[in-house]
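J.: quick one, fold the following:
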Amino acid sequence: MTDGLDELRALSALIQDSIEKISGILSNTGKTFPSTRGAFSMASESVRMAPDVAAASAVGCAAATQLLAILGGPMNTLIRAAMFGPVLASCIATVAEANVAEALREAGAQGAHVRELAKAKGVDAGKLARVMRVLALNHIFVETAPDVFAHNTASSLLDTGKSTAALSQSPATKHDDTFGLAALVELCAGEQSKALTYLPDVLLDPKLTSSGESNKTAFNAAFRTDLSTWDWLELPEKKTSLARVTKGMEAGKRIAPPDAILRGYEWEKLPEGAVVVDVGGGVGTQSKKVFERCPGLKIVVQDREPVVKAAEQFWSNMPDAVSSGRVTLQAHDFFAPQPQKSARVFILGAVLHDWSDEYALKILKPLRDAAKPDTELVIVDSLLQYLADDDNNAAIPGSAREKPPAPLLPALDTMSYAADIMMLSMFNGTERTVAQFRDLLAKAGWRVTRVHHGAGLTQVLGVQKVIAVPA
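T.: Coordinates of the predicted model:
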C-alpha cells in the first residue's frame, strides 16, 4: 500500500511550488493576486487569467483537491460528494431567486442583517440565514456578525447591478444588459441542477438509457415534458428561463480569455474577403473577436431568429460592419442545408456538445455538402481525455498533451467533465475526446488535420480546437 504521507508531502510541495511560481511572476509586474475579499473585477481577474499564472494555479488547485481527499479519508470524500453538491446548488439557487446579491449591494459595504435581505421576496429570515451560512462556509458571502452578511468576491458575481425594485417588477429582464455570469450560475443551480436529480432514473431505464434523442433526457423527466429543452424554453410562459439560459450560455463564452478564439488558428493568413461562417454562433461573441483582429474578412453569424434579433443589438457598436455587408446576421437552422456555399471557414463554437452523435452528424453533413475543397472546419469545444494512458490519437498533430507532475491525475480540468454530465442531462449531448471527434467527423466526410490544446497543462475554456478539412 502506498504511504499516504509520502503522497501528502508530494502534493504539499506542488502547492508550495505553484505559490512560488505565481509570486515570482507577479513580482516582475508589480501586481497582486486577487483574494476572496472585495468585489469582483475583470481587471483583478486578468492576473489569474495570465497563461503562466493559470498554469501554476491549475496544478495548485488539483494538488489541493487531491490532498483534501487523502486527509479527509474515503468516507468524508464520498459523503461530501453526495451531500455538498446538491446542497450548494440549492443554496445558490435560493439566494439568486431571492435577489440577495442585489439587496446586499443596496445595503452597502457593511452588509445587512438577514431580516432585511429576506424582505425582497418574503423569505423566512431564519431559514435564509442558514442557507447563507452554508455559502459563507464555502467562500460565497461573508458573515460579519451573527446573521449579518456582506459580499465577497465570489458572491458579488451574483449581482446583476439592477435594483431589487426593478427585479420585482420585471424578473424576465433580470439579466438583460449584464455580463451574464449570474445567469450562468442560476442556470447551473436551477434548471440543470433539477435535471441532474433525475439522471439515475433515465440512465437506468432500459427504454431511455441508449437514446440520443434530445427529448428523452433527465431534463424531460424533471420537468415532465415531451419537448426538447430548447422547445420547452421557447414556450411563452418560460420567457424568464429562456432569457437566463441564453444569457448564461453567452457568458460561458465570455468568461474565456478574450483572445481564446484567436489561439490555435491563423486567422491572419486567410485571404482578404474570405467568408467565415459562425454556425450556431449566438450573437457572434467569438466571430466578433475574429472580425476585430481581421476586419478584411467577411463574417456570417447564424442562429435562430430570436437570437439574431439579439445579435443586432450586440453588433450595434459596429454599425458600419453590418451595413457594409462585411458582417451578416442570418437566421438559420443548422440541421437544414447550409446556404453559405463560399465559406473558407465554418466555426462550430460550443455547439456539438449540445448534441448526441446522431444529431451532431446532422449538423456536420450539411456543412460538408456546402464546403469547398479549401474549406476548414474549426470546432471549439472541450476535449476530454481518459484518466489512463491512451495513444489512440497519437497520429493527429497537436493531440499530445503535457502530463501533470506526479502524483496528480492526468486531467486537471474537472469542470469539463462536470459539463459533460450537464450536457447529458439537459440535451443528451456530450463532451468528446479527440478520438471521438476524429471518428465522428470521418462519418460526416471530414478529416481532422490538427488539434490545439493551448500551452502548458491548463485546458482553458474556448482555447481547445479541432481543425478539419473535407475528406
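J.: please make it C-alpha for all contacts and neighbour counts, starting now.
T.: Fine.
J.: those strands in this structure, which residues are they?
T.: In the chain, the strands defined using DSSP state E lie at 112-113, 142-145, 148-150, 275-279, 298-303, 327-331, 343-349, 376-380, 383-384, 432-433, 446-452, 465-470.
J.: CSV please, covering those and showing mean pLDDT and mean neighbour count.
T.: Below are the strands of the chain laid out as CSV (pLDDT from 0 to 100; neighbours: other C-alpha atoms under 10 Å):
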stretch, mean pLDDT, mean neighbour count
strand 112-113, 98, 21
strand 142-145, 98, 17
strand 148-150, 98, 22
strand 275-279, 99, 25
strand 298-303, 98, 24
strand 327-331, 98, 20
strand 343-349, 98, 22
strand 376-380, 99, 23
strand 383-384, 94, 21
strand 432-433, 96, 18
strand 446-452, 98, 20
strand 465-470, 98, 23
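J.: including distance to Gly85, could those strands go into a markdown table?
T.: As requested, the strands of the chain are exported to a markdown table (distance: least, C-alpha to C-alpha, whole Å):
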| stretch | distance to Gly85 |
| --- | --- |
| strand 112-113 | 27 |
| strand 142-145 | 20 |
| strand 148-150 | 22 |
| strand 275-279 | 34 |
| strand 298-303 | 34 |
| strand 327-331 | 38 |
| strand 343-349 | 28 |
| strand 376-380 | 28 |
| strand 383-384 | 22 |
| strand 432-433 | 24 |
| strand 446-452 | 32 |
| strand 465-470 | 30 |
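J.: do you know which of those lies nearest Ala411?
T.: Closest to Ala411 of those is strand 383-384 (C-alpha to C-alpha; 8.3 Å).
J.: and the closest one, what other elements does it pack with?
T.: In terms of contacts (3 or more C-alpha pairs under 8 Å, 6 or more residues apart in numbering; DSSP states H and E), strand 383-384 is packed against strand 432-433.
J.: which residues sit against the strand it packs on?
T.: With C-alpha atoms under 8 Å, 6 or more residues apart in numbering as the test, strand 432-433 has contacts from 353, 382-385.
J.: what's the answer for stretch 245-259, then?
T.: Residues from elsewhere that reach stretch 245-259 (C-alpha under 8 Å, 6+ apart): 49, 175-176, 179-185, 187, 282, 285-286, 289, 460-463.
J.: run through the helices of the stretch 101-250 of the chain in chain order.
T.: 114-119, 125-137, 153-156, 164-169, 181-187, 193-196, 199-203, 218-223, 229-233, 239-254 (DSSP state H, counting those that start in this stretch).
J.: for Gly60, find the nearest of those helices.
T.: helix 153-156 (19.2 Å).
J.: for the closest residue to Val53 other than its chain neighbours, give me the pLDDT.
T.: Counting by C-alpha to C-alpha, 6 or more residues apart in numbering, Ile22 is the residue found nearest to Val53 once chain neighbours are left out, at 5.6 Å. You'll see Ile22 listed with a pLDDT of 96.
J.: one step back: export the helices of the stretch 101-250 of the chain to JSON lines and tack on distance to Phe40 and mean pLDDT?
T.: Formatted as JSON lines, the helices of the stretch 101-250 of the chain follow (distance: least, C-alpha to C-alpha, whole Å; pLDDT from 0 to 100):
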{"stretch": "helix 114-119", "distance to Phe40": "21", "mean pLDDT": "96"}
{"stretch": "helix 125-137", "distance to Phe40": "16", "mean pLDDT": "98"}
{"stretch": "helix 153-156", "distance to Phe40": "5", "mean pLDDT": "96"}
{"stretch": "helix 164-169", "distance to Phe40": "20", "mean pLDDT": "94"}
{"stretch": "helix 181-187", "distance to Phe40": "12", "mean pLDDT": "93"}
{"stretch": "helix 193-196", "distance to Phe40": "25", "mean pLDDT": "96"}
{"stretch": "helix 199-203", "distance to Phe40": "34", "mean pLDDT": "98"}
{"stretch": "helix 218-223", "distance to Phe40": "32", "mean pLDDT": "98"}
{"stretch": "helix 229-233", "distance to Phe40": "30", "mean pLDDT": "94"}
{"stretch": "helix 239-254", "distance to Phe40": "15", "mean pLDDT": "84"}
